[in-house]
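*Asks:* structural data only, the sequence is not supplied:
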């Protein structure tokens, strides 16, 4: 019985060896000695197999360096696709010709060494490292730099591996624009019907190619992101609990190992390379832990005043527009209560600002007026005239003429708001995901997010309105008053009692309600749709 058993085992092993791999990871284990299939590799492998076997798949993959994603995708994945369909035509693009050709050379070597087991062989006609073909089929590979074009070559599978070389390229708006145009005009236009696309990229910038594609309306793109350490606020395709390090293709790394890397490479490189996000999750100018630490459970029901701040779209043809509502309470806290920012035309954002003011009980719509002050005010007043409003709503331009406010660049204008977020005098009511993502993602040197620009306006109007509730008096009278008075009110504690200033009569509930038009009732506020204007 022993001999038949041995013969049967050998036959089974032989059949398994002859069976074609069903995933790129399985192929890699056969052709690359010592290859390790980690959870990350297994997930990427499944995505590649899905893109090869099914039509119109779109994947964006971001994982830390040295985790095996490029070897699996650009080298083994290319061979797997050709073994699955020898007539498949593949385009491989990287930030440089040399990197793309390095992957091409490795894929071709795998076919030379293992093609007989996969049922494919290289043609002797087209053999350059930048363009080669399989023998007896139409299948093959065109490899080159991302900006080199692909005239005369169609694709059943497009692989873009590292389209941006470094943060310098990513920070160049001109280069990002050029890359986007090239990707759409020269690469997407080469796709055959049903072709799939896989992008492997480092997220250096929020408006990079990956960010642009993921932000498209009705996008088909699926994002596979595996951070080195699972971190709150960072997408994790492995769905790990916070604080768990990943297993890499090179072996085990502890969380302490990754923390040492973080200290060595700096916060931005750590975020882009090892977390897969274009800024640190704590943010550079506004930190996520500030927002969470001071978050309000709900909007205040009886604020002193509510203002809608607007950062209008400049072109009037559907650019992004910031529209944010905020309230100030009796203890001088500014609560951010609503965000309706979105791409809109002038008519659309004017209407949206009015509707938000009506819904939140705002007494003022303040519009940033650096570009076209009078025009913006007129557009909103025209929109307001078409509504039946139950409380007075002023329409103003910010900053007020002759006030001296709003000077400097966007960062300088935001200084008071940033300080408020840090110390807790500005707090988000509930959760405003898009505004919070924009806030945390804003870095020095980048364009100010429209939501934050609108909030700067609302915040400035509110804090100056509160300051106007203070009157002047005789300093000696104030000293005598201090001796008689009970401990300072919350508003006085926040503003500070200084010589020459005395607080006005405390606001009772009746007056507060009259000024704020009833306040903002979060349960009664029906959010309107951001899109589909």
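*Replies:* Sure, I can see it. These numbers were taken from a predicted model, which means no experiment stands behind them.
*Asks:* C-alpha from now on. contacts and neighbour counts both.
*Replies:* OK.
*Asks:* now for residue 101: which residues touch it?
*Replies:* Listed by Cα atoms under 8 Å, 6 or more residues apart in numbering, the contact set of residue 101 reads 129, 130, 143, 144.
*Asks:* let's see if you can find the most crowded of these.
*Replies:* residue 143 (30 neighbours; other Cα atoms under 10 Å).
*Asks:* my guess is that one contacts residue 130. True?
*Replies:* Yes - judged on Cα atoms under 8 Å, residue 143 makes contact with residue 130 at a distance of 4.8 Å.
*Asks:* between the two, which contacts overlap?
*Replies:* With Cα under 8 Å, 6+ apart as the test, residue 143 and residue 130 both reach 101, 104.
*Asks:* out of the contacts of residue 101, list just those in strands.
*Replies:* Among the contacts of residue 101, the members found in strands (DSSP state E) are 143, 144.
*Asks:* top strand in the chain by residue count?
*Replies:* Counting residues, the longest strand found in the chain (DSSP E) is strand 317-328.
*Asks:* and residue 90, that's in a strand?
*Replies:* Yes - assessed by DSSP: H, G, I helix; E, B strand; the rest coil, residue 90 belongs to a strand.
*Asks:* got the contact list for it?
*Replies:* Going by Cα under 8 Å, 6+ apart, residue 90 touches 78, 139, 140, 141, 142, 154, 155, 156, 157, 158, 159.
*Asks:* beyond whichever strand or helix holds residue 338, next helix or strand please.
*Replies:* Element membership for residue 338, per DSSP states H and E: strand 334-339. Next in sequence after strand 334-339, counting helices and strands by DSSP H and E, comes strand 342-345.
*Asks:* domain assignment for the protein?
*Replies:* Structural domains assigned to the chain are 2-275, 290-463, 470-503, following automatic domain parsing.
*Asks:* quick one: which of the contacts of residue 90 has the lowest pLDDT value?
*Replies:* Lowest pLDDT within the contacts of residue 90 is found at residue 154 (91).
*Asks:* run a quick neighbour tally on the residue lying closest to it once chain neighbours are set aside.
*Replies:* Leaving out its chain neighbours, the residue that sits closest to residue 154 by Cα to Cα, 6 or more residues apart in numbering is residue 190, at 4.7 Å. Residues near residue 190, counting by other Cα under 10 Å, number 22.
*Asks:* I'd like to know how far residue 190 sits from residue 244.
*Replies:* Relative to residue 244, residue 190 is positioned 41 Å away (Cα to Cα, to the nearest Å).
*Asks:* what of residue 80?
*Replies:* From residue 80 to residue 244 the distance is 32 Å (Cα to Cα).
*Asks:* and if you look at residue 365?
*Replies:* According to Cα to Cα, residue 365 stands 46 Å off from residue 244.
*Asks:* which one's more surrounded, these two?
*Replies:* Shown here are residue 365 and residue 244; by other Cα under 10 Å, residue 365 has more neighbours (30 against 14).
*Asks:* beta partners of the more buried one?
*Replies:* Beta-bridge pairing of residue 365 under DSSP bridges involves residue 308, residue 395.
*Asks:* in contact with it, which residues?
*Replies:* 307, 308, 309, 310, 353, 354, 357, 393, 394, 395, 396.
*Asks:* and the strands in the stretch 251-400 of the chain?
*Replies:* 251-252, 305-311, 317-328, 334-339, 342-345, 364-368, 394-398 (DSSP state E, counting those that start in this stretch).
*Asks:* and those strands, which is most packed in?
*Replies:* With neighbours taken as mean count of other Cα atoms under 10 Å, the strands of the stretch 251-400 of the chain reach their highest mean count in strand 305-311, at a mean of 31.
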